[in-house]
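Participant: dropping the sequence and predicted coords here.
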Amino acid sequence: MARPPAKGSRQRRVGRSEGERHHPLRQFVGSGNDGFVCLVCGTNVLPLLNGSFRSHCPECLWSRHVDEAPGDRASECQGLMEPTRLEGSAASGWTLVHRCAKCGVLRRNRAAVNDPRQPDRWERILDLSVESSR
């Protein structure tokens, strides 16, 4: 029988929506912050400067289903992930919700609005917030 986490452990609950797979410990397991070319709009996407992982295109906000756990690059799906809604606030930070067009899985990715070199396009985030409120 599994024991509950020890007091003070770093395990945390992660909320999930319909279609989102559960990963009890969401930790970045990848080794790099790699740039890529967006398959939707063709933008040359640069790595983030803040040490985090770039998970979506800063221009069109689309992503690709490459991870099972954040950063592992273990997904066999490889489908394109459409930005479907915006969560959060200016105070707590913005989160983009993506749905895979191939398998339907949902993933949440923090918006990179403060990246000094290639921030997420604010106009597209605003468009998504309007679409989310409908």
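Facilitator: Thanks, I have the structure now. Quick caveat, the model's predicted, so the values are computed rather than measured.
Participant: okay, the spatially most central residue of the chain: pLDDT?
Facilitator: Nearest to the geometric centre of the chain sits N109, at 2.2 Å (C-alpha atoms, centre = their mean). pLDDT for N109: 90.
Participant: in this structure it contacts G93, no?
Facilitator: No: if you go by C-beta atoms under 8 Å, N109 and G93 don't touch, sitting 11.2 Å apart. (Glycine included, C-beta is placed from N, CA and C.)
Participant: and D72, how many neighbours does it have?
Facilitator: 15 (other C-beta atoms under 10 Å).
Participant: point out where the chain drops to low pLDDT.
Facilitator: 1-32, 51, 132-134 (pLDDT under 70).
Participant: could you look up the SS state of E131?
Facilitator: Judged by DSSP: H, G, I helix; E, B strand; the rest coil, the three-state class of E131 is helix.
Participant: do a quick rundown of the helices in the protein.
Facilitator: Listed in chain order, the helices of the chain (DSSP state H) span 122-132.
Participant: buried set for the longest strand along it?
Facilitator: When the chain is parsed with DSSP state E, its longest strand is strand 80-89. Judged by neighbour count using 16 or more other C-beta atoms under 10 Å, the buried positions of strand 80-89 are 80-81, 83, 85-86.
Participant: okay if I get those as a markdown table plus distance to R121?
Facilitator: Shown next, in a markdown table, are these (distance: C-beta to C-beta, whole Å):
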| residue | distance to R121 |
| --- | --- |
| L80 | 18 |
| M81 | 17 |
| P83 | 11 |
| R85 | 17 |
| L86 | 13 |
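Participant: from these, pick the one nearest R99.
Facilitator: M81 (6.5 Å; C-beta to C-beta).
Participant: could you pull up the residues touching that closest one?
Facilitator: Contact analysis of M81 by C-beta atoms under 8 Å, 6 or more residues apart in numbering lists 56, 62-65, 98-101, 107.
Participant: most neighbours among these, which one?
Facilitator: Result: S63 is most packed of these (other C-beta under 10 Å), 25 neighbours.
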